Every structure is written in structure tokens, then in C-alpha cells.
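S.K.: turn this into a structure:
(one chain, ligands or ions: 2)
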Amino acid sequence: MTDTPETMTAQYRQDYRAPDYFIDTIDLDVQLQEPMTEVTAITRVRRQGEHQQPLILNGEQLILKRLAVDGLPYHSYEVSEHHLTLFNLPAECVITIVTELDPAANSALSGLYKSGDAYCTQCEAEGFRRITYYLDRPDILARYSTRITADKAKYPYLLSNGNKVASGALDGGRHFVQWQDPFPKPSYLFALVAGDFDVERSHYVTRSGRKVALEIFVDKGNLDRAGFAMESLINSMRWDEQRFGLEYDLDIYMIVAVDFFNMGAMENKGLNVFNAKFVLANPATATDGDYHGIERVIGHEYFHNWTGNRVTCRDWFQLSLKEGLTVFRDQEFSSDLGSRGVNRINNVRTVRGPQFAEDAGPMAHPIRPDVVIEMNNFYTLTVYEKGSEVIRMMHTLLGEAAFQAGMRFYFERHDGSAATCDDFVQAMEEASGVDLTRFRRWYSQSGTPELTVTDEYDAASGIYRLHVRQHTPPTQDQPQKLPLHIPLDIELYDQQGAAIPLQYQGKAIGNVLNVLDAAHTFEFEQVPVKPIPSLLRDFSAPVKLHYDYSDEALAFLMRFARNEFARWDAAQMLINKAVIEGVAQVQRGQGVELSQTLLAAFVAIVDDGELDPALKAEILALPSESTLAELFDVADIDAIHQVRDAIHTRLAEAFGARLVATYQSLRLDGYQVVHADMAKRALKGVVLGYLAALNAEHADALVREQYRAADNMTDTLAALQVANSYLLPCRAALLADFEGKWAKDGLVLDNWLRLIGSKPAADVLSEVKQAMNHPTFSIRNPNRLRALAGSFAMSNPVQFHAVDGSGYRFLTDLLIELNEVNPQVASRLITPLIQFKRLDGARKALIRAELTRLAKLEGLARDLFEKVSKALAQ
Ligand code: B3K
Ligand code: ZN
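M.R.: Numbers count the residues shown, from 1 in each chain. Ligands and ions are numbered 1, 2, ... in the order given. Predicted coordinates for the structure are as follows:
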């Protein structure tokens, strides 16, 4: 990397200017050949208005071979490391640019690169400029035609966006295919793939009768793993018609699964490129979680066809316009097809854990950021997950019917164009008549708001009052905060667990209270007894809630709340209270004591014959250590670990003989990917963990047996996870057996790498380093790297934060190597090193020293530079 300081400068949202030139069409001719690929780009360019500005095209790592304007060689230009600038152009012209590039040398996996033997592309956010010189910004919408030429034997499939319009054989064993995309699109949605694949084919007839060919391209020999992805694609197409009234618009939809990919998948028009992890699955190789992930990501990319592709983003600061909305849509898809409660719980875990941590760290930003150095750094939990929560709040405030009216209005107004977040809110507001003035602040304000609720009950008048105060603590990017419009969903219960109707001034009112100001009091009439409130039901806003619940009240809600999420949430709060008290006890040198109320409430969950086993599993699975760390100003890593462990053991003791009985009752004959069975397997895994806490010797036998008898990857991995977390005697043998079976299958081996990275023992780093020598491991493959190094850095807090600094040093050394190879992946892995605000002074000092070492690195990539400099500014 030889980034000049000039490229480290920040871009500001406020500085947006409409482009000086438009590009209406682009004809690409891509000659794939070794070693250099030649790209000819012919664009029709139109000056926007009267001005003398030059045309400044973006380009990186390209060799310019030829430049012509209106067919004649052109000399009035300048080339620099990042630009091609053309002077004195006529108002309208045709520009021909011939460039060369080297895909095999592209380990950053942005632009055109090689994944194994195949060529593929990744252009979002700014990868197209690594293919040709172009106005590489999302508000330039052009019609693309793409001709690809390559060796026919090595690359029988040549794919691009849109419809195939011509193909044929050429001399020298080469062939070509010509594609035409009828929809104008921004360059980030361009894609090209060339390779030899097995193809899973099906079709879908849209509700207006268009027959769409569906094709999923996988590596040779993987056809038996493509069926579920196809099923998910068909389900997505049907669901989007039924719930959003949106239909697919081309005659073909292609998905290509590749091994080398920086993130999950990419929604290129008509030609999605996917990380193979989110396509390939069969019972022997994939867990229930993997199946869920495939359904979600296939849906997500498909839903982008309308929210992202038909209506795209004006500039990258508006990213949440497409991402927050599309995450909301994929969450609804998963919830309509599976369990709404369980999906909500898992989405909330992500927001409360890693997203809140992002808000509290040096990268804090609003869902619509104001300032960016490297755009790839803003594909964040804030833009995606909190972005989805913001859409969900609008859905809560408007209701489904008005929200859908807003969606229709949004498409009527903006289809075929590049829009802003404001445009979206405006459409929702106009279609519904709901005033969203204050709500808009969610787009500009960063950080996690905190709601503090107190209450009072007057028995004589039957009046119950809720006093709600909101406050958003300052974040690194924004010291001043304003009150937001927060929908607060509540319910009140009497002592028998019956819901008390909400009434004010003689009229029934809905469950969603509008908190608009810093302080607000809500009054409810005809409340017969002092109620127990269920607050922030369904996590109706991405905020932290403070209400002084007693253990008894939480146990009550775990039992009586009418909503699944609220029951789970009450259990979380009960555990959180116990962890806060437990850490204080441990710090005073005492043992961890749990209240009888807590123990009885959890025993009642195990005993509840009516409860969906999936929800049971969610309630019994304790919050992760990193989520618990968010409860403290200074997080005592070791004490949190110790207390969480102790709670787990106390609960196991309280469950006692119920555990074996439950474990045995969850046996299944045969493997099916259906909710009822997935639920049982999830609960079985959680129960096996409790059994290990109770009696390691017994668990060792059970784990060995489960591993031996398993006919699916979920049960296999559940056994391995317990063996690993409790360091059972069988650990080494089972891990070795697993490695022996799957040594050549990267995706499955990732599970093994994750187990190694999360080994809860002081020698974990030596095992990690050894695994890096595994023939299937490569620092160039993001999946392998994330599985091994990511699990160590993000899911093994005690070892990663070891007080000798070995974890920090290991990660920093790796980042230095990755800085050259793949800065985008490096920039994701650095997260646990920059979020050090809650650590103690000694650990902070160790981390600062490592970050300083990185900061001094010559040729530090922009991606890392942005994060390291912000972290050190803390
Ligand atoms: N839009 C892509 C993400 C691109 C990330 C670029 N660094 C996948 C998605 O959100 O659907
Ligand atoms: Zn997306």
C-alpha cells in the first residue's frame, strides 16, 4: 500500500455536490487473459450545465493504454495515482479508455480478482475504479453492456448483469458472451464472473406471470449443497410479492458462490456474488445456524433489488437508506417464515451487544455518518442494525398499512433514481400524516439513548404514573445531544398476570407511548392495583432502559408477560442484576450468591411444558461476556467471566435431575430443517452445557456419545462446543477426529478453527499459531482468518485480554501483515483493539502501545489509519 497522505483526508456529508458530468451508457469489453486483463470502456458523457470544469475520473491500480474522445486520440489529460483528469471536453462526447490490470495480484478482493480458479468482482463501495477509470459514485446511473472474452475450456461460464444477448466461439480456444442490463445502475452494482461451475437451476413465475430463470453457480462437486439456497431464493421472491407487493424485474437471477469474499454477499443487479458460507449447506456440513444465515442473506440480497438497486443511494453517507431498510426487510422475512420471538431476540442481542459497544467506542457515528475517511469502514452495525431499528420504529409509529403506503409512495417518487434518507422519511411522513420532524434526529445523532423510568401509584384515585426521562451520553464524535422521538411500548399487569387496559381521560390508548422530550409523565386511569409494568416491549427503540425492577417483578414477567420477547428480556435483566452484584461480591473476595427468586424463576422455565423449546433455549443461554461488559463503566474481564461461570453452575445445580430428563426428551429421529426440530436441537445444546457444569465426567461420556451418534452438523458442533468450553477430557480426541474428517473443506473446517480460537485456556495462542500452519488455512482467505483470529479476538475475552499483553501483540502482528494483503479485513479484525474504553488502566496502556506501533507503520492503509487514529484520540 502506498497511500499518499492526500488520500487520508476526510470527506464530509455536507460537501455533497451534484456531478459536473453524467454518463448515460457504458460499453465494457473485458479480455480476461494471463497475466494482464484488458478492459475497454466506451462511455457516453454529457456535461451537466455550462462550466469549464474538467472531468475527473476515479481509477486505482490501472495502467492506461489508450484514450480517445469521439474516436480520436486525446491528449488533454493528466493521470495521477487515483485519477484520470480530462480537460476541454465538448458538452457531449464518447470517451474510449483502454486499461490493463492484474486480477491475480489483487489480494484486497476489491475490484476484479481471482477467487481460486474463477474471476469475480466486488465493486461496492469503490471497487469499480479498480476495473476502469470512471465516475465511481452512486449518483451516476448508466446503462451497461458488457462483453467478456476468455479461454473457453477454463472459463466456460462468463456472467454479468442483465440479460445475455449474444455469445460465440472465437479463435485460439476463446469465446465471448455479451450482456445487456436494461436498468440504469450505479457502478457499485456492476459484476462480472468467469469460471467453471456446477449449476443448480430452477425458475419462478412472478405474480404477473413473468418466468424468471434462477441459477446458482457453485464450485464443481458442490451441487448437493445448493438446494437450500435455491429454496430460500424462491421463498424470498414470493414473500416480497406478498408482504411488500414487489416483483422481480429481469428474466434471470443468478447467484455465484465464491470462496474468497470480504463480507457476506453482494446484491449486484441480476448477478449476486456470495461468500460460499451463505450458499452451501447440507445436513452433514451445515448447522441450523448456517441454514438460518443462508435464508437471511439470500433474502437480504434479493430484497436489495428494490431497496438499493431500483432506488439507490445519492452518496455513500446515505448508505443506511438501503442497508437499514433492507435489514429490516430481511428480519421481517425471517420472522414471517420462522419464529418472530426468536428472531427478535437475536437481532436485539446484536444491537445491545456489539452495536452499543460501537456507539461507546471511537468509531461512534450516526446511522447517516457525517464524515468518512474510508467508506468501507462504515458498513457498520450502526448503519445496518441500528439503521434497521430506526426503520422498525417508523413501522411501529405508523403501523403496517401506513408503512406500506409510505413504501409505495417512496417507489413512485424515486424508482430509477438515487435518493437520500430524508427522501425516505419524507415519503413515510406524507403517506401517513404522522409527524416525523423530531424523529429525523435519529439520522443525525449518534450514541445510545438511555431511558430512566420511575413510577407511582395512587390507590385512592386508581391513577398510575410513569415518569420517563431520556438522556444520550456524549460520544467521541458528538459532545452535544438532543432529545429524540422514542416509541416506548408498554403493558401493565395485575398481580394475577392479567393485562390492565391502558386508559387516559376516559379513552383507551395504545401500547406505544411517544417520548418526545427530555422528561415526560404518562398517566393511566382506572388502574385497580399497583401494576407491574412491562417496559420497552419488543425493544421498541434502540435504547438502554433503567427501571428499578425487583427480582420478584422480573420473575413475574418471565412467567406472565404476554409477549415472548418480554419474557426473555426479563430473564436477561434478572441475570444482569445478578452479574452486577456478583462482580461486586467477587471484587470483595466473596463467593457469588444468587437469590432464591432467580433460581426458582429459571427452574420454572425448564419445567414449563407450554414454552417453545427455542424460546426456552434463548432464555437459558446466558448473555455473552462482552454483552455483560457493557453493564459496567470499568469492566473487570476476569470477574465477569468468573461470575458468569458461577451463575451457570448454580443454575445447573438448581436444575439438577431435570437436566438429564430434558436432554433425553429432546432426541429426534432423522434431521429436518424445520423450526420445531431446530428448537429442540438448540435446547439440547444448551442443556448439554449445563450438564457439563454439573458433572464433567458424566458430560464427557454424553458429549462423546452425542458426537459419535450425530447425523447432522448441529449436534456434532454442540458436542464439540461443550467439550471445548469445559475442557472436557474428550476435547483433544474429538477435535482431532473432526479435523481429520474435514481437513480439506474450508467452510466446515472454519468450525474447528473457531473452537481453537475460543479455547478458554492460557495455551490458546500456541494452538492458534499452530492452526495457522494448517494446509487449508490461508491469511488471504477472509473466512479462515475470521474463524481463527476473529474468534480469538472477539469471543475469548479472558485470553485475548491476558494481562501480559500477548493477545494484543498477536493481533497487532497479524494486522501488520494484513495491512499489505487485505486492509478491509484487517479493519474489521481491529475492532476489539479500539474498543478499550471500559478496560482498566494497565490493559489500556498495553493496547495504546500496540496501536501506536500500528500508527507508525509505513504505508498504513486508509482503512486502518482511520480507526487507529480515532482510537488513539480517545
Ligand atoms: N451491499 C453489500 C456490502 C458491501 C460492503 C462493501 N465493503 C452487501 C449487503 O449489505 O447486502
Ligand atoms: Zn445490504
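S.K.: just checking, residue 181 is part of a strand?
M.R.: Yes. Under DSSP: H, G, I helix; E, B strand; the rest coil, residue 181 falls within a strand.
S.K.: if I look at the nearest residue to it once chain neighbours are set aside, how far off is ligand 1?
M.R.: In space, and not counting its chain neighbours, residue 181 is closest to residue 162: 3.0 Å by Cβ to Cβ, 6 or more residues apart in numbering. All C-beta spots, glycine's among them, are computed from the backbone N, C-alpha and C. Between residue 162 and ligand 1 the computed distance is 19 Å (Cβ to the nearest ligand atom, to the nearest Å).
S.K.: again, but for residue 761
M.R.: In terms of Cβ to the nearest ligand atom, residue 761 sits 35 Å off from ligand 1.
S.K.: cool, and residue 632?
M.R.: Look at residue 632 and ligand 1: by Cβ to the nearest ligand atom, they are 32 Å apart.
S.K.: and for that residue, the neighbour number?
M.R.: 14 (other Cβ atoms under 10 Å).
S.K.: list the contacts of it.
M.R.: Taking Cβ atoms under 8 Å, 6 or more residues apart in numbering as the criterion, residue 632 is in contact with 580, 583, 640, 838.
S.K.: for it, helix, strand, or coil?
M.R.: coil.
S.K.: quick revisit: thought the residue nearest to residue 181 was touching residue 177?
M.R.: No. Residue 162 lies out of contact with residue 177 (Cβ atoms under 8 Å); the separation is 11.5 Å.
S.K.: so who does the residue nearest to residue 181 touch?
M.R.: Residues near residue 162 by Cβ under 8 Å, 6+ apart: 144, 179-183, 250, 269-270.
S.K.: quick one: which of those is nearest residue 869?
M.R.: Taking Cβ to Cβ as the measure, residue 869 lies nearest residue 269 of the contacts of residue 162, at 36.1 Å.
S.K.: rewinding a little: could I get the contacts of residue 162 as CSV with pLDDT, neighbour count and distance to ligand 2?
M.R.: As requested, the contacts of residue 162 are exported to CSV (pLDDT from 0 to 100; neighbours: other Cβ atoms under 10 Å; distance: Cβ to the ion, whole Å):
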residue, pLDDT, neighbour count, distance to ligand 2
144, 98, 23, 21
179, 98, 25, 23
180, 98, 17, 25
181, 98, 23, 19
182, 98, 14, 23
183, 98, 18, 18
250, 98, 19, 19
269, 98, 26, 14
270, 98, 27, 16
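S.K.: list just the nearest of those to residue 811.
M.R.: Nearest member of these to residue 811, counting by Cβ to Cβ, is residue 269, at 37.5 Å.
S.K.: residues in contact with that closest one?
M.R.: 161-162, 181, 183, 185, 189, 191, 250, 305, 309.
S.K.: how about residue 10?
M.R.: Here residue 10 is in contact with 371-373 (Cβ under 8 Å, 6+ apart).
S.K.: related to what we said a few turns ago, so of the contacts of residue 269, which ones are in helices?
M.R.: Among the contacts of residue 269, no residue falls in helices (DSSP state H).
S.K.: where's the dip in pLDDT among the contacts of residue 632?
M.R.: Within the set of the contacts of residue 632, pLDDT is lowest for residue 838 (95).
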